[in-house]
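Chemist: quick one, structure for this:
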Amino acid sequence: MQTAETRKKDIISFFLKKGLLVNNELLEYLRDEQKFSEFAGLVDKNLQENITVLNNRIESFISQRQDLNWVEFEKLEAASERNGIDDRSLVNSLLAARNTESKTTEKPESSVKIISSYEAPPKKREANDFVEYFNSRYLMLEKLLKHRHGMQNVISINRISNKKSREEVSVIGMVMDKKYTKNGNCIIDIEDRTGSIKVLINKNRQDLYKTAKDVVLDEVIGIIGVNGNNIIFANNLIFPGIPITQEIKKCNDEAYALFLSDIHVGSKDFLKQDFDRFLKWINLETGTEAQKHIASAVKYIFIIGDLVDGCGVYPGQEKELEIKDIKNQYMVCAELLKNIPSYIEIIICPGNHDAMRLAEPQLPIYRDFAEPLYQLPNVTSTSNPAMVNIHSSGNFPGFDVLLYHGCSFDFYVTEVESIRNNGGYDRADLLMKFLLQKRHLAPSYTSTLYVPDIKSDFLVIDKVPDFFVSGHIHKASATNHKGITLISSSCWQGKTAYQEKVGHNPEPSRVPIVNLRTRQMKILKFGK
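Modeler: You can find the predicted model right below:
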């Protein structure tokens with residue numbers, strides 16, 4: 001006959017094999033063979049890594065004949081120890097959570113609303129499509145410029161010849177060319193739908209001359225100046241820009257949005273340990289009480305492109321890949337994102353490493369390559385660029401968020417003097433302010449690959465956002481510009497051989513986060 005001591009040893013041995021410890025109170029309870037058999041069945045059915053110690057509080061729950069939710073049990077138990085919650089209250093809380101979960105058979109209505117996401121079907125492009133594309137861009141930006149101060153009396157270029165010499169004129173045109181004379185003056189050639197004309201910016205007008213240096217080809221600008229002999233002598237350059245400082249919108253409840261980018265799953269340089277630290281924090285498993293409080297209030301996570309490292313993105317990339325199959329890269333990525341609590345909305349747009357065409361606007365990540373991502377119930381997938389609205393309610397309009405991965409950034413770091421000489425890749429804020437001034441995400445023809453759409457230029461920033469968020473340059477920053485929050489996300493990839501070659505120094509594993517109630521911004525660090 002089995003002794004009481006032997007019985008205890010057998011029970012302890014059973015749970016040790018499953019990686020679990022049993023405290024003395026629960027051990028006494030489990031000496032009854034029927035109770036042990038019932039409890040062992042529940043453990044086998046629900047065992048997870050989240051539980052390491054079994055205690056007598058679980059006895060109360062078992063008496064209800066319910067399946068154990070180990071994750072919720074451990075979270076509520078920790079709260080009960082801090083706040084003095086008794087066993088009955090703990091059981092009721094678990095049952096309430098379980099009943100709520102069982103009633104939720106469908107995904108609840110999302111608090112993420114897509115304002116604009118490019119979904120035009122593929123079609124053959126012809127030469128005339130490019131003409132119509134630039135015409136549509138011109139008309140969209142002309143409309144914005146006509147609302148700027150000094151642009152109310154705009155005339156078309158073909159009517160300037162009817163003006164007297166030295167008479168003041170205002171015109172709007174697309175930049176065809178920019179060059180400098182032997183005397184150092186700047187000459188800009190502009191055109192509208194009626195003709196073209198030269199604009200001279202005198203080098204002695206230092207502020208205006210400095211502004212002219214940042215004018216790029218194919219952008220649409222306004223000119224105020226005086227008429228000459230088939231030339232305009234500029235007195236002012238007008239950009240579409242953000243005309244006035246916007247009201248800094250704030251919500252009434254405490255909620256946070258955080259911003260990720262350039263995860264690069266599949267790369268040998270993917271910083272999995274750092275990303276695991278982020279996942280533990282978002283699940284309230286690490287951090288101070290204040291940090292856990294912030295994590296508990298996160299409602300939105302944006303991932304601004306380059307979820308995976310891709311395949312064949314650049315010559316010799318296969319040597320730097322840990323996972324060489326693109327579908328497997330997305331499968332592993334989805335497994336990581338699955339660890340983010342399901343009540344947090346995840347908004348994803350593609351980047352240049354994702355399974356997708358390089359030309360912008362990019363469609364949402366192709367489903368046939370990334371099906372596991374689309375199976376996650378809390379994911380919203382958009383194009384690049386896109387605009388979404390978050391956190392709206394009956395009495396609050398929500399926040400409009402402009403997403404753009406940032407492929408054009410490389411071009412403007414090189415070509416725009418004010419950005420190049422003031423930090424370049426280290427100054428994402430300058431890049432984003434520059435594009436807001438142009439009201440276009442890639443104004444120059446050669447700044448990014450693009451697909452001409454004859455109906456509209458999807459890269460025009462026709463609506464002023466509350467947030468403008470990007471990635472691509474692997475450095476985190478957060479600032480405000482005229483009431484718009486500008487955020488550049490970091491990366492989760494160590495320095496690659498290519499970055500070493502071009503002298504680019506990424507700052508990985510940093511997460512910008514915004515309190516939507518106060519609009520205060522922080523950058524959390526998860527790297528060592």
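Chemist: what residues of the longest helix belonging to the chain count as buried?
Modeler: Looking across the chain with DSSP state H, the single longest helix is helix 127-145. By neighbour count with 16 or more other C-beta atoms under 10 Å, helix 127-145 contains the buried residues 133-134, 136-138, 140-142, 144-145. C-beta here means a position set from N, CA and C on the backbone, and glycine is covered the same way.
Chemist: can you put these in TSV and add distance to Pro377?
Modeler: As requested, the buried residues of helix 127-145 are arranged in TSV below (distance: C-beta to C-beta, whole Å):
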residue	distance to Pro377
Tyr133	38
Phe134	42
Ser136	37
Arg137	38
Tyr138	43
Met140	37
Leu141	40
Glu142	44
Leu144	39
Leu145	44
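Chemist: quick one: which of the residues you listed is nearest Pro361?
Modeler: Tyr133 (11.8 Å; C-beta to C-beta).
Chemist: residues contacting the closest residue in space to that closest one that isn't next to it in sequence?
Modeler: Closest residue in space to Tyr133, ignoring its immediate chain neighbours: Pro452 at 3.5 Å, by C-beta to C-beta, 6 or more residues apart in numbering. Applying C-beta atoms under 8 Å, 6 or more residues apart in numbering, we find Pro452 in contact with 125, 129-130, 132-133.
Chemist: quick one: distance of the longest helix of the chain to the chain centre.
Modeler: 28 Å (C-alpha atoms, centre = their mean, to the nearest Å).
Chemist: got it, and stretch 118-125?
Modeler: Distance, centroid of stretch 118-125 to centroid of chain: 24 Å (C-alpha atoms, centre = their mean).
Chemist: now stretch 222-234
Modeler: With C-alpha atoms, centre = their mean, you get 42 Å for stretch 222-234.
Chemist: endpoint to endpoint, it covers what distance?
Modeler: 10 Å (C-alpha to C-alpha, to the nearest Å).
Chemist: for that stretch, which positions count as buried?
Modeler: Under the neighbour-count criterion of 16+ other C-beta under 10 Å, stretch 222-234 has 222-228, 232-234 buried.
Chemist: do the same with stretch 111-123
Modeler: In stretch 111-123, counting by 16+ other C-beta under 10 Å, buried: 112, 114, 116-118.
Chemist: now do the residue nearest to Tyr133 against Leu435, distance only.
Modeler: As for Pro452, its distance to Leu435 is 19 Å (criterion: C-beta to C-beta, to the nearest Å).
Chemist: for the helix or strand hosting Asp276, output the C-alpha coordinates as CSV.
Modeler: Secondary-structure assignment from DSSP states H and E places Asp276 in helix 272-282. Extracted C-alpha coordinates of helix 272-282, given in CSV (Å, rounded to 0.1, in the frame of the first residue of the first chain):
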residue,chain,number,x,y,z
LYS,A,272,15.9,38.8,-31.8
GLN,A,273,17.0,39.1,-28.2
ASP,A,274,16.2,42.9,-28.3
PHE,A,275,12.8,42.2,-29.9
ASP,A,276,12.1,39.5,-27.3
ARG,A,277,12.7,42.1,-24.6
PHE,A,278,10.2,44.4,-26.3
LEU,A,279,7.6,41.6,-26.4
LYS,A,280,8.1,40.8,-22.7
TRP,A,281,7.6,44.5,-21.9
ILE,A,282,4.5,44.8,-23.9
